[in-house]
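A.B. asks: Below is the sequence, then the predicted model.
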Amino acid sequence: MNKLQWYYNRLKLMSVKEVFFYRIPQFIQHQFKGRIQSTRQPKLLKLNPSLHAVTYSESVLKELFEGKNDMSQYLLFDQLINVYEVDDWRKDYHNNISSPIKYYSEVDRQDFDVVGDVKVVAELSRMYFLPFLSLKAIEEKDKRMLSIIDGMITSWDEQNPYLYSIHWTSGIEVAIRAVNLVYSHQALKGRGLISLSCDQTILRILSNSYIYLKNHLSRYSSANNHLMAETMGLVVLSCYFELPHKERTRWQNLLYDQINIQINKDGVHMELCTHYHAEISEQILIAIDFLKRTKIKIPSSVLEKVESLFKFTSHISYEGLSTIFGDNDEGAVILPYFDKKYSVYQSLLKSSNHLFYNNYCVDGEVDARNYLIYGESLNSIKRYNELNDTLFKDSGYLFLYDQEERAKLSFDCGTIGDYISAAHGHSDIFHINFSLRGKEFLVDSGTYQYHKKFTHWRNYFKGISAHNTISVNNKNHAVNNGRMSWINLPETTVQEYTSSQEKAFCRATTNAFRSQSIQHERAIYFNRMDKEIQIRDVLINSDNNKKSKTIHYFLHFHPNVIIQEANKKIVLINENEKIILQGSWLNEASISEGEKDNLQGWYSPQYNVKVQAKTLVYTTTIKSKETRSISLRISYK
């Protein structure tokens, strides 16, 4: 897609109102107002004396940090970094590229040769480690740790003048960094451990961050998880500091509005990505906590909407595994980077049990993220609630279980992403995941990369051929509109759903291939009595054109899976567990692994990492006016 076509497609997403009330003011801010703002020393904001303080127990901190004497090692995606020794905050440490000090609107975030991978660059400056180093300083009463923290803050500030670095080019990054600075500041300030120079530097960065966020809210076709993060930042800062009541009210009302807009009726975040659902949940929880600590009464309707988020969260994590739909870049607001067992989904469910007295199944341990937020007010979080079959019909996600065998099947029976631009959605309609007793078999291929340098890979991992579904004439379910969006989104409808103790059934249809005159239907039969799952696809070709159409059926296996082929049968083995695939068409299917020319057979376990994995591909054709049925049986006895 050429640049002109991209701009044209982007423009189609915008209304006249957006152009005049958002894009033009945005241009004026970047080109003119920002230059004036960058030259003005901000008036330092004063702390809000009415904010209820978070208290921390040194004995609990000692338990959290037990055996964590060296807090310096931070896993920057797939590379260990010593955060004590970071001397360049604008550096991409993966590719050894350091971006220049440059006015923010002149920074091209996708210019790899100049700034490197922006995702890698931004990660360190989110300051995930800073709040926990602050708590560690409280626990150890160690002046050396305070000196390290002071050095980090000072060097970051010196290397990133206001509006003159890559770290002032994105509202979500400014907001997350601000929240981590707030938690660090309140922890150290509350114990009288912060130096005057560090105190003033943090206050200046936070004052600038507040001005930035006010002037750079993502609106209209940009109003997704970025806007929620920016809103969180504004709510936190307006509560932490003594600001006019009118301003604080403005941001809390914006938060309430976005909670109502961005959370679907069934409690799923509108972007329809499991990880972004978690990110949004965390952003909301943090904002809600600061409002509560300033004694603001939150409407019950808002709290009910927030509580609804966690039902979906409870189905993401099962048997130590996480079900992934859509983009996953491991983003967070608070990240206990030193805790190798940390799960954001488990942590969020603990937050829900604490706030709403829910009974979601969690491990019972106090994790560092919850303790940082709630401190000594954290309630008991060890409860148990067994998961049952659940359909999130508004959003199009189905989770089916055989608790006796600890088996889980998840089914995407909805559309792609949100209604704005489907920014983090994948072409994964009718995709399925399957795991058995903590071992993954059928998986989503992952995300790998966002950067335009890797567009070829990006298109593969977000595309239809990287998911367990069917493609017609090599078409995606929607039209790819660049790295981060889709247009011409399809309609997908759940036609039937039933669930009983013995069985479950779901049938859904989509018009994603309407341009090819084909309707696709997928039905799932989950038989817990016989330990068997049947997947039946029906494709109806209404085209009078005599030219046949090509059908590709994809199944992606976890990299640990070993494949044993037999007559019309495939045995999949993952360590000591196995499942059997049966279908008359399996003999005609091929196995791809690590193909680079025609990308196939790849799996991304985390951002910026890809490994070879096996993919089954079945290719056939469908004639005009033909109805074609393809059945697959999965046995997991």
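C.D. replies: Looks like it came in fine. These numbers come from a predicted model, not from an experiment.
A.B. asks: So, low pLDDT: which residues of the chain?
C.D. replies: Applying pLDDT under 70 to the chain flags the ranges 1-13, 380-384.
A.B. asks: domain parsing for it?
C.D. replies: Per automatic domain parsing, the structural domains of the chain span 1-36, 48-216, 218-385, 390-635.
A.B. asks: Turn those domains into CSV, including distance to residue 42.
C.D. replies: For the C-beta atoms, the positions are set from N, CA and C on the backbone; glycine is no exception. Formatted as CSV, the domains of the chain follow (distance: least, CB to CB, whole Å):
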stretch, distance to residue 42
domain 1-36, 13
domain 48-216, 4
domain 218-385, 12
domain 390-635, 32
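A.B. asks: how about those in CSV, adding mean neighbour count?
C.D. replies: Shown next, in CSV, are the domains of the chain (neighbours: other CB atoms under 10 Å):
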stretch, mean neighbour count
domain 1-36, 13
domain 48-216, 18
domain 218-385, 20
domain 390-635, 19
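A.B. asks: which one is residue 289 nearest to, not counting chain neighbours?
C.D. replies: Distances taken as CB to CB, 6 or more residues apart in numbering put residue 373 closest to residue 289, at 5.8 Å, once the chain neighbours are dropped.
A.B. asks: and the one you found, that's in a helix?
C.D. replies: Yes - counting by DSSP: H, G, I helix; E, B strand; the rest coil, residue 373 is found in a helix.
A.B. asks: List the contacts of it.
C.D. replies: By CB atoms under 8 Å, 6 or more residues apart in numbering, residue 373 lies in contact with 54, 183, 285-286, 289, 334, 351.
A.B. asks: same thing with residue 292?
C.D. replies: Residue 292 is in contact with 52, 298, counting by CB under 8 Å, 6+ apart.
A.B. asks: That one: what secondary structure?
C.D. replies: Residue 292 - assigned by three-state DSSP - is helix.
A.B. asks: And residue 605, by the same measure?
C.D. replies: Going by three-state DSSP: residue 605 is strand.
A.B. asks: same question, residue 146
C.D. replies: helix.
A.B. asks: my guess is it meets residue 136, correct?
C.D. replies: No - using CB atoms under 8 Å, residue 146 is not in contact with residue 136; the gap is 10.2 Å.
A.B. asks: just how off-centre is stretch 45-53 within its chain?
C.D. replies: 31 Å (CA atoms, centre = their mean, to the nearest Å).
A.B. asks: The chain should start at 53 in everything you say after this.
C.D. replies: With the count now opening at 53, the last piece we talked about shows up as stretch 97-105.
A.B. asks: Other residues contacting that stretch?
C.D. replies: For stretch 97-105, the surrounding residues in contact (CB under 8 Å, 6+ apart) are 238, 241-242, 255, 258-259, 262, 289, 291-295, 342, 344-347.
A.B. asks: taking those one by one, which sit in strands?
C.D. replies: Among the contacts of stretch 97-105, no residue falls in strands (DSSP state E).
A.B. asks: ok, the closest residue in space to residue 346 that isn't next to it in sequence to residue 373 distance?
C.D. replies: Nearest residue to residue 346, sequence neighbours excluded (CB to CB, 6+ apart): residue 291, at 4.7 Å. Going from residue 291 to residue 373 by CB to CB, to the nearest Å gives 37 Å.
A.B. asks: Could you verify that residue 624 is part of a strand?
C.D. replies: Yes - counting by three-state DSSP, residue 624 is found in a strand.
A.B. asks: Now that it has come up, it's in contact with residue 495, right?
C.D. replies: No - with contact defined as CB under 8 Å, residue 624 does not count as touching residue 495 (11.3 Å).
A.B. asks: which residues do these two both contact?
C.D. replies: Common neighbours of residue 624 and residue 495 (criterion: CB under 8 Å, 6+ apart): residue 609.
A.B. asks: so how far is residue 259 from the closest residue to residue 252 other than its chain neighbours?
C.D. replies: Leaving aside its sequence neighbours, residue 252 sits nearest to residue 96 (CB to CB, 6+ apart; 7.2 Å). Distance of residue 96 to residue 259, given as CB to CB: 5 Å.
A.B. asks: Quote the end-to-end distance of stretch 479-490.
C.D. replies: One end of stretch 479-490 sits 26 Å from the other (CA to CA, to the nearest Å).
A.B. asks: Kindly point out which residues are neighbours of both of residue 198 and residue 188.
C.D. replies: What both residue 198 and residue 188 touch, as defined by CB under 8 Å, 6+ apart, is an empty set.
A.B. asks: The contacts of stretch 97-105 in helices, which ones?
C.D. replies: Those of these mapping onto helices are 238, 241-242, 255, 258-259, 262, 289, 291-292, 342, 344-345, per DSSP state H.
A.B. asks: Surely residue 457 is in a helix?
C.D. replies: No - counting by three-state DSSP, residue 457 is not part of a helix but coil.
A.B. asks: And the helices in the stretch 103-252 of the chain?
C.D. replies: For the stretch 103-252 of the chain, the helices defined by DSSP state H, counting those that start in this stretch occupy 110-116, 164-167, 170-176, 182-192, 195-211, 223-242, 248-267.
A.B. asks: quick one: the last one to helix 195-211, angle?
C.D. replies: Going by axes from the mean of the first three to the mean of the last three CA atoms, to 10 degrees, helix 248-267 is angled at 40 degrees with respect to helix 195-211.
A.B. asks: can you list the residues that contact helix 248-267?
C.D. replies: Against helix 248-267 from outside (CB under 8 Å, 6+ apart): 81, 85-86, 89, 94-97, 201-202, 205-206, 208-209, 214-215, 220, 223, 226-227, 229-230, 233-234, 236-237, 240-241, 246, 282, 285-286, 289-290, 292-293.
A.B. asks: And the first one, by the same measure?
C.D. replies: Residues outside helix 110-116 that contact it (CB under 8 Å, 6+ apart): 187-188, 190-191, 418, 420, 423, 428.
A.B. asks: Adding distance to residue 517, write these out as JSON lines.
C.D. replies: Putting those into JSON lines (distance: CB to CB, whole Å) gives the following:
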{"residue": "187", "distance to residue 517": "46"}
{"residue": "188", "distance to residue 517": "46"}
{"residue": "190", "distance to residue 517": "51"}
{"residue": "191", "distance to residue 517": "50"}
{"residue": "418", "distance to residue 517": "43"}
{"residue": "420", "distance to residue 517": "39"}
{"residue": "423", "distance to residue 517": "43"}
{"residue": "428", "distance to residue 517": "51"}
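A.B. asks: Distance of residue 574 relative to residue 450?
C.D. replies: Computed as CB to CB, the residue 574 to residue 450 distance reads 11 Å.
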